[in-house]
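Asks: What shape does this take:
(3 chains)
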Amino acid sequence: MKEETVKLIVILLGVASTLGIYSILYKENKVFRFFEHMYLGLAAGYSISAAWNDILRPQWWTLMMIEGRWWMLFAIPAAMMFYMIYSKQNSWMSRLIFGLFLGATAGQTFQSFAADYFPKFRTAASKAVMDLPEVNQPGAYGLTPYSAALNNVLFMVILASVMTYFFFSFEQKGKVIPSVSKFGRYTLMVAFGALFGSTIMARMSLLIGRMYFLIHDFVQVQLLHMQ
Amino acid sequence: MFQVQHGAALYTYIAGAAVVSVILFFALTLVPTKLRRPLIMAVTFAAGLFYALEFFWPVSGPESDQKNFLTAYIKPFSDITTVLQSFALGLGVYSLVSIHMRKVARTQSGWAYSLVLIVSMIVMVIAHIGKEYIKSPWVHQLNDFAYSGLMKSLDATMFSIIAFYIVSAAYRAFRIRSTEATILLVSAGIIMLGQVAIGQAITNAIPNEGLTANFRVENMANWILKKVNSPAIMAIDFGLGVGGLATALRLWLSLERGSYFEEEL
Amino acid sequence: MRIPQLDRRVLYMLLAIVVSIPLLVNVPLPPPAITPPTKSFYETIETVSTDPKTKDKLVIISCNFGSGTLAENLSQLEATLNHIVSKRMKFAIFAFNDPQGRDLGGSTAQRIADKAGYKYGKDWVNWGFRPPQGIQSLLKAMVNDLHGALGTDVKGTKLSAIPMMANYKKADDVGLIIEYAASDTVKYWVQFFQRAGSTPIATLFCPTSVMANEAYPMLETGQLQGMLVGLKGANEFETVMKRPGFATRASASLSYSHLLIILLIILGNVGMIQDRKRQQGATK
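Replies: The predicted structure is shown next:
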């Protein structure tokens, strides 16, 4: 098949699948169900082929059969333990291999906690009131040392108040802690509003991408031969 | 013994390893019930101990290459766990296929869609794995149709359809019923206006210099993201991190309770 | 005047029209304001490409996105890769979170590299995909031995046999990392690679808009030197580069769709207030 024909078929399949999925917006229908199930099947097939192509073949099969590391065969009985979950008598063996992974992940958490959070703790705690490199940063509109200091103080106050809001180990009574916690809740609402605004932009961007594909790649380029 | 082999010796060793695997597997099935839980706890602890020990054991060497006696084994162990995780994919695939094959075999309601699912899965596997081994153009074309034509478009479309639901929710559900909701929507409004050109045009008349620039909507949005959103997200992150560490400790020491962990073995 | 209860399909149609019209006809729009994260992003690339200590070093283009977030991440990749090749910097494509990143990044890089006269193996390379489960140990191993840790490129050629890679063997030979992702995968570079060499490596992030919120703390703390936030960031970057692309074309649709959402939120709340007043009047 010619390359142009393959490209045309690829685009036609893309258009059909896009419009098929969008048909749910009108109402539940068989076309949507067809493409939905096709998507699930393709995604499952892709996961299987990616697991073989990108992991099992280079890191297991090639090492065992081509480089001669015969001991890699022991991965099979270890992996078979996962499938013992389907056996009533021997389902405990699946707990063994899951336990290995739980333990390994838990052990790695120490490392990733230190690598991820220690620098953040350090930087957040050292956000000095009068240490103001950001006065010279892009976006420092008319920033004076005092306004930058105020920003830093606000940063620390918001950090502390949000952490106070999430502190459930003791009852939050009195005047100070509940007020701080309430301030934390309000700043969380600002953060969630920002998250909401960002989410809208993300989803709209994806929709625009699809509409651009339909309008430009299909209608304008393929049908009307515009560039 | 653990030396690389080639040719007939390789197949002999693989056959031997297969026999040993069967024996070990069979031996494992004979483990008495009383010993099963301690064995699981021991394996969980040992797996975690390896990483924890590597992290806490003193290191030596140049600053860019600090290591201890366990550091060299991190990558091989990680590779083995990656391979085992890939084998575990079969659990999900088996579950998916068995449900849908049952529907097809019994011609239950919607069996045709289940057939579409299974056929699509087989086609993708043949195309995506086949293209690595078969030089024939039809396999590559099949891969183009299945991956580039269908999967990429379906993936992108599924993600993009949420935009329509957001519009519907914006009209029907986003209500200013409380102080918190008002703050959320005002913040969202500033961010939304601040990140698009038409919103930024509302405050274009304000000069982009000096203190007055802080009243331009894009600068207000940037300030909210950097000075309010940032510490709030950091605080949530800290909480998640500490909670994650506590949970990791409980899992490593097998202190976790629940229906899965207290199940009869 | 009473705000009517609109059928949701009318709302869907409204959105489709608002998004489509700017893609069909040229709708006038003021140029976007260039936000500080984008400015920093651009200035970091300019600095790295002109500083004698870093201009000959490798740029790692880490593509950890799939076809679900093509509109954002791919437009960011195209905009920034055009900048990188215009500065004649050598780069390596890499993916570890999603195998699609290797293919999407690789095909985009091939197209842009061919246009710029770049040769594979001499000016750019695709390291391929590595599984995410072992990324921590891989990045640590890459710090002192890129060739040994990565092994081969996407075509199966040993890195030590690729002409360009003779000059790049460890973290100190890397001048810039740019991560394109729909998740927080940049943290792996920051945690295990960025500061593991003798000097910190400039790290830039191109997340989707949703992930950008979680990355702002890293920008604030100096772990990241710049960020392009979603499609808007790509649009700003194209404006700075004076090289309009998909993001510039999409900016009008983005603007008007946002206005539509704000309008619908306002209308919905006005309707709620009207209903409340009517109910209060009825009870009186």
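Asks: ok, now how distant is C:C206 from A:I200?
Replies: According to C-beta to C-beta, to the nearest Å, C:C206 stands 19 Å off from A:I200. All C-beta spots, glycine's among them, are computed from the backbone N, C-alpha and C.
Asks: So which of these two has more stuff around it?
Replies: More crowded of C:C206 and A:I200, by other C-beta atoms under 10 Å in any protein chain shown: C:C206, with 32 against 26.
Asks: which stretch of helix or strand covers the more buried one?
Replies: Secondary structure from DSSP states H and E places C:C206 in strand C:202-207.
Asks: The helix of greatest length in chain C - contacts with which helices or strands?
Replies: Ranked by residue count and defined by DSSP state H, the top helix of chain C is helix C:246-283. Contacts defined by 3 or more C-beta pairs under 8 Å, 6 or more residues apart in numbering or on different chains; DSSP states H and E place helix C:246-283 against helix A:176-212, helix B:162-172, helix B:179-194, helix B:197-200, helix C:8-24, helix C:70-86, helix C:230-241.
Asks: ok, C:M218 - how many residues close by?
Replies: Burial of C:M218 is recorded as 22 neighbouring residues (other C-beta under 10 Å).
Asks: List the residues that contact it.
Replies: Listed by C-beta atoms under 8 Å, 6 or more residues apart in numbering or on different chains, the contact set of C:M218 reads C:V186, C:K187, C:V190, C:F205, C:L224.
Asks: where does the stretch 151-284 of chain C dip in pLDDT?
Replies: Scanning the stretch 151-284 of chain C with the threshold set as pLDDT under 70 gives C:284.
Asks: Near chain A, which residues of it? Just list them.
Replies: Contacts of the stretch 151-284 of chain C with chain A, taken as C-beta under 8 Å from any C-beta of the partner chain, map to C:187, C:190-192, C:208-210, C:212-213, C:217, C:220-223, C:229-232, C:246, C:249-250, C:253-254, C:257-258, C:261.
Asks: Just the buried ones from those?
Replies: When these are checked for burial by 16 or more other C-beta atoms under 10 Å in any protein chain shown, the buried set is C:187, C:190-192, C:208-210, C:212-213, C:217, C:220-221, C:223, C:229-232, C:246, C:249-250, C:253-254, C:257-258, C:261.
Asks: Can you list the buried residues in stretch B:202-211?
Replies: Residues of stretch B:202-211 classed as buried by neighbour count (16+ other C-beta under 10 Å): B:T203.
Asks: List the contacts of it.
Replies: For stretch B:202-211, contacts defined as C-beta under 8 Å, 6+ apart pick out A:Y141, A:G142, A:S147, B:L193, B:T212, B:A213, B:F215, B:R216, B:V217, B:E218, C:P30, C:A33.
Asks: Generate the ChimeraX command that creates a selection of the buried members of those.
Replies: The ChimeraX selection below is limited to those of these classed as buried (16+ other C-beta under 10 Å):
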select /A:141,147 /B:193,213,216,217,218 /C:33
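Asks: In the contacts of stretch B:202-211, find the pair that's most separated.
Replies: Spatial extent of those (C-beta to C-beta) is set by the pair A:S147 and C:P30 at 28.1 Å.
Asks: Quick one: closest of the helices and strands packed on helix C:246-283 to B:T81.
Replies: Nearest to B:T81 among the helices and strands packed on helix C:246-283 is helix C:70-86 (28.5 Å), distances taken as C-beta to C-beta.
Asks: what's the angle between that closest one and helix A:176-212?
Replies: Here the directions of helix C:70-86 and helix A:176-212 differ by 80 degrees (axes from the mean of the first three to the mean of the last three C-alpha atoms, to 10 degrees).
Asks: buried ones in helix C:70-86?
Replies: C:70-85.
Asks: cool, and stretch B:115-123?
Replies: B:L115, B:V116, B:L117, B:I118, B:S120, B:M121, B:V123.
Asks: didn't the second one look like it was pressed against A:Y39?
Replies: Yep, that's B:V116 we're talking about. No. B:V116 lies out of contact with A:Y39 (C-beta atoms under 8 Å); the separation is 10.0 Å.
Asks: Tell me the predicted confidence for residue 83.
Replies: Using chain A here. Listed pLDDT for A:Y83 reads 94.
Asks: wrong one, I was asking about chain C
Replies: Note on C:H83: pLDDT of 96.
Asks: Mark which of the contacts of C:M218 are part of strands, please.
Replies: Here DSSP state E is the test, and these give C:F205 as lying in strands.
Asks: As TSV, the contacts of C:M218 with distance to A:I208 would be great.
Replies: Listed next are the contacts of C:M218 as TSV, based on distance: C-beta to C-beta, whole Å:
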residue	distance to A:I208
C:V186	25
C:K187	28
C:V190	30
C:F205	22
C:L224	26
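Asks: B:W223 versus A:A148, what's the distance?
Replies: A:A148 sits 12 Å away from B:W223, going by C-beta to C-beta.
Asks: C:F94 should be in a helix, yeah?
Replies: No. Using DSSP: H, G, I helix; E, B strand; the rest coil, the assignment for C:F94 is strand, not a helix.
Asks: Please name the bridge partners of it.
Replies: On the basis of DSSP bridges, C:F94 is bridged to C:S62, C:G128.
Asks: who touches it in this structure?
Replies: Applying C-beta under 8 Å, 6+ apart to C:F94 gives the contacts C:I60, C:I61, C:S62, C:C63, C:R102, C:N126, C:W127, C:G128, C:R130.
Asks: at 10 Å instead, please
Replies: Applying C-beta atoms under 10 Å, 6 or more residues apart in numbering or on different chains, we find C:F94 in contact with C:60-64, C:101-102, C:105, C:125-130, C:142, C:150, C:153-154, C:177, C:179.
Asks: For chain B, give me the ranges with low pLDDT.
Replies: Counting by pLDDT under 70, the ranges of chain B that qualify are B:64.
Asks: one step back: which one of the contacts of C:M218 is nearest B:F50?
Replies: In terms of C-beta to C-beta, no member of the contacts of C:M218 lies closer to B:F50 than C:K187, at 22.7 Å.
Asks: Kindly reformat the helices and strands packed on helix C:246-283 as a markdown table containing distance to C:A166.
Replies: As requested, the helices and strands packed on helix C:246-283 are exported to a markdown table (distance: least, C-beta to C-beta, whole Å):
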| stretch | distance to C:A166 |
| --- | --- |
| helix A:176-212 | 39 |
| helix B:162-172 | 47 |
| helix B:179-194 | 47 |
| helix B:197-200 | 46 |
| helix C:8-24 | 46 |
| helix C:70-86 | 20 |
| helix C:230-241 | 31 |
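Asks: Of those helices, flag the one that's most buried.
Replies: Compared across the helices and strands packed on helix C:246-283, helix C:230-241 shows the largest average neighbour count, a mean of 26 (mean count of other C-beta atoms under 10 Å in any protein chain shown).
Asks: Contacts (any at all) between chain B and that one?
Replies: Yes. Helix C:230-241 reaches chain B (C-beta under 10 Å from any C-beta of the partner chain) through C:G230, C:L231, C:K232, C:G233, C:N235, C:E236, C:T239.
Asks: angle of that helix against helix C:70-86?
Replies: 30 degrees.
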